[in-house]
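In: Below are the sequence and a predicted model; questions follow.
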Amino acid sequence: MTRAFRPDPVDPAALDRCLGAALRAPAAGNTVEGRGFVVVEEPERYWSVTLPVGRRDGFAFPGLLVAPVLVVVCCRPDAYAARYAEADKGRAATLGRGPAAWPQPLWWFDAGAAAEALLLAARAEGLGACLFGLFEHEVAVLSAFGVPDGWRAACTIALGHPDPAGAPPGRSASRRAEPPIWRF
C-alpha cells in the first residue's frame with residue numbers, strides 16, 4: 001500500500017482501465033448493478049469531509065492527502081435482494097426477502113473483489129494505491145457526493161504516482177504470523 005503520493009495527475013486512460021477492471025470483478029448472482037464507484041478527482045472535497053484542515057497537522061500519513069484520485073467503492077444491498085428474488089435463483093430465492101435474510105452479505109464480498117481488481121490494475125499501470133476505511137464518515141461522504149439512499153461505502157482507494165521520498169518509515173517489527181491454511 002502506498003501512503004505517500006506525488007501530486008502528478010493520473011492519466012485518464014489508466015484510470016479508466018483501473019475502473020474497468022473493478023467493473024469486471026465477480027458479482028454474486030451477476031448482480032453488477034449492486035456496486036458502484038464514486039471517483040473523486042478533486043480529493044480536497046473528500047478530505048474536507050473526513051479530515052478537516054484543523055486535524056491534518058497530526059495525521060500520520062500526510063503523503064496520502066496528496067493522492068490525485070480517490071475511489072469510494074460502494075455496494076447496494078437491496079440490489080442483491082431484488083436479484084435473488086428472481087425466479088432463476090430457486091432455493092436461494094429466500095434471500096430475496098431483503099438484506100436481513102442474508103447470513104453472509106455477499107455485497108461486501110463483491111465490493112472487496114472490485115476493490116482488489118482495482119488495486120491490481122493500478123499496480124499493473126505503475127500506480128500506487130492505498131485502501132482505507134471510511135469509518136464513522138461513511139454517511140457524510142455518501143451525502144457529500146450525492147450518492148442516492150440505499151448505497152453503502154465499503155472502502156476508499158487512493159490512486160496516484162508513489163512518492164518514495166515521502167513514504168513513512170516501514171514497520172520495524174516483522175510480520176507477526178502467517179494466516180493459517182488448512183489442507184485436507
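Out: Received the coordinates, thanks.

In: what's in contact with the helix or strand hosting Ala117?
Out: Following DSSP states H and E, one finds Ala117 within helix 106-124. Helix 106-124 is contacted from outside by 17-29, 31, 34-35, 37, 71, 73-77, 79-80, 99, 128-129, 131, 152, 154-155, 157, 159, using CB atoms under 8 Å, 6 or more residues apart in numbering. Yep, even glycine has a C-beta here, placed from its N, CA and C like the rest.

In: just checking, what packs against the longest strand seen in the chain?
Out: For the chain, the longest strand by residue count, based on DSSP state E, is strand 152-160. Applying 3 or more CB pairs under 8 Å, 6 or more residues apart in numbering; DSSP states H and E, we find strand 152-160 packed against strand 69-75, helix 106-124, strand 128-132, helix 138-144.

In: Comparing those, which stretch has the densest surroundings?
Out: Of those, the one with the most neighbours on average (mean count of other CB atoms under 10 Å) is strand 69-75, at a mean of 24.

In: Which neighbours in the sheet does that strand have, and how are they oriented?
Out: The pairing partners recorded for strand 69-75 under DSSP bridges are strand 35-40 (antiparallel), strand 152-160 (antiparallel).

In: Tell me what angle the longest strand of the chain forms with strand 128-132.
Out: 160 degrees (axes from the mean of the first three to the mean of the last three CA atoms, to 10 degrees).
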